[in-house]
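Chemist: For reference, the sequence and a predicted model appear below.
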Amino acid sequence: MKQLKKKKKLLGMCPKCLRIRVLTRHHIHPQRHFTQKNPEYLFLCRDCHSELEKEIPYAKIRMSQYEEIARDFLLRDNNQKDAVSMVQIQI
């Protein structure tokens with residue numbers, strides 16, 4: 001029987017809600033449309049990650065539109081402009 005590798009959990013501050021939580025990786029450009037390795041992603045808590053996923057259309061859109069959705073999501077409902085600079089994305 002093969003032993004499954006356990007994923008390491010990343011604990012940190014979610015750039016959206018600013019709570020210390022276990023963070024999940026959100027690919028800026030959906031893997032269902034962009035199969036090549038894409039280093040652009042955000043680390044968000046599960047709750048914020050789920051909220052962001054609801055805003056992403058299922059149909060493929062321009063790459064820049066995915067970036068705008070992520071940026072607008074981070075800045076909405078709070079004035080966390082510094083949060084955007086904390087995140088390792090290139091917009």
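Modeler: Happy to help now that I have it. Residues are numbered from 1 along each chain as shown.
Chemist: make it CA atoms for all contacts and neighbour counts henceforth
Modeler: Fine.
Chemist: Against Arg32, how distant is Cys14?
Modeler: Separation of Cys14 from Arg32 (C-alpha to C-alpha, to the nearest Å): 24 Å.
Chemist: Point out where the chain drops to low pLDDT.
Modeler: 1-7, 38, 78-91 (pLDDT under 70).
Chemist: All the helices of it, residue numbers only.
Modeler: Counting by DSSP state H, the chain has helices at residues 46-55, 63-75, 81-86.
Chemist: which of Cys14 and Arg32 has more neighbours?
Modeler: Cys14 (25 against 9; other C-alpha atoms under 10 Å).
Chemist: can you tell me which residues contact the more buried one?
Modeler: 20-21, 23, 43-45 (C-alpha atoms under 8 Å, 6 or more residues apart in numbering).
Chemist: and with 10 Å instead?
Modeler: By C-alpha atoms under 10 Å, 6 or more residues apart in numbering, Cys14 lies in contact with 20-24, 42-49, 74, 83, 86-87.
Chemist: what's the angle between the top strand by length along the chain and helix 63-75?
Modeler: Taking DSSP state E as the criterion, the chain has its longest strand at strand 20-27. Orientation note: strand 20-27 sits at an angle of 170 degrees relative to helix 63-75 (axes from the mean of the first three to the mean of the last three C-alpha atoms, to 10 degrees).
Chemist: mind listing what strand 20-27 pairs with, with the direction of each?
Modeler: strand 10-13 (antiparallel), strand 41-45 (antiparallel) (DSSP bridges).
Chemist: Am I right that Tyr58 is in contact with His29?
Modeler: No. With contacts counted by C-alpha atoms under 10 Å, Tyr58 stays clear of His29, the gap being 11.6 Å.
Chemist: Report the beta-bridge partner residues of His27.
Modeler: Tyr41.
Chemist: The contacts of Cys14, buried ones only, as a PyMOL selection?
Modeler: A single PyMOL command selects the buried members of the contacts of Cys14 (16 or more other C-alpha atoms under 10 Å):
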select buried, resi 21+23+24+42+43+44+45+46+48+49+74+83+87
